[in-house]
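Enquirer: make a model of this:
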Amino acid sequence: MNKETRNSLISGAIFLAFGIYLYFSGIGFEGRMRPPMNGDVGPAFMPKLIGIFIMLLSLGLLLSNLIPYLMKRKAGTAVSEPRQKATFSVKVVLTVVLMFLYMLLLSPVGFILSSIAYLFAQMAVIEGTLTRKKCLVFGSISVVSPVLIYLVFVHVFSLMLPAGILG
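Expert: Take a look at the predicted model:
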């Protein structure tokens, strides 16, 4: 088993466990909160939904790596792959820093403003070079997405997101 396959299997197993944990922790919300009324989905809906998605994606990752490995093993073919050097990526570090800042600013600043800033900064980090056109596209996506997400969560799912300084 090569390193990439092994890492994918480990990641898939970890995320599968996390998805299962998230799903069952969502079930725990049902007993602690008021029952849903008037078609509300209740506080357990989103953790359970996200848990299901994470479980499905991690199962896909596990199966997409495990099935080819087992088929090669059954056929008796060993594929030798060249070793790759580990690379240090500044983009990965900046992404982790941006996520941490987003997490810190979410409650005091609010979902909409912190999401606008995070999305624009994250797209800029991923893209690397910015042009006027890219800034306009990134800015548009960064403004429209959080506003739509906020409206869906508040008015469709009846779930409050942090309002922060706008609230």
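Enquirer: so where is the chain shaky, pLDDT-wise?
Expert: Residues of the chain meeting the criterion pLDDT under 70: 28-43, 77-88.
Enquirer: which residue is most remote from the mean position of it?
Expert: In the chain, counting by CA atoms, centre = their mean, Gly76 sits farthest out from the average C-alpha position, at 37.3 Å.
Enquirer: distance check, that residue against Asn65.
Expert: Distance of Gly76 to Asn65, computed by CB to CB, to the nearest Å: 19 Å. For glycine as for every other residue, the C-beta is placed from the backbone atoms N, C-alpha and C.
Enquirer: now swap in Ala13 and tell me
Expert: 11 Å.
Enquirer: which one of these two has more residues nearby?
Expert: Between Ala13 and Asn65, counting by other CB atoms under 10 Å, Asn65 is the more crowded of the two (19 against 13).
Enquirer: which residue sits closest to Met99, ignoring its sequence neighbours?
Expert: Spatial nearest neighbour of Met99, excluding adjacent residues (CB to CB, 6 or more residues apart in numbering): Tyr118 at 7.9 Å.
Enquirer: whoops, I mixed them up, Ile141
Expert: Leaving out its chain neighbours, Ile141 is closest to Leu119 (CB to CB, 6+ apart), at 6.6 Å.
Enquirer: list the buried residues in the strand or helix carrying that neighbour.
Expert: For Leu119, the enclosing helix or strand under DSSP states H and E is helix 111-127. Applying a neighbour-count criterion of 16 or more other CB atoms under 10 Å, one finds 111-125 buried in helix 111-127.
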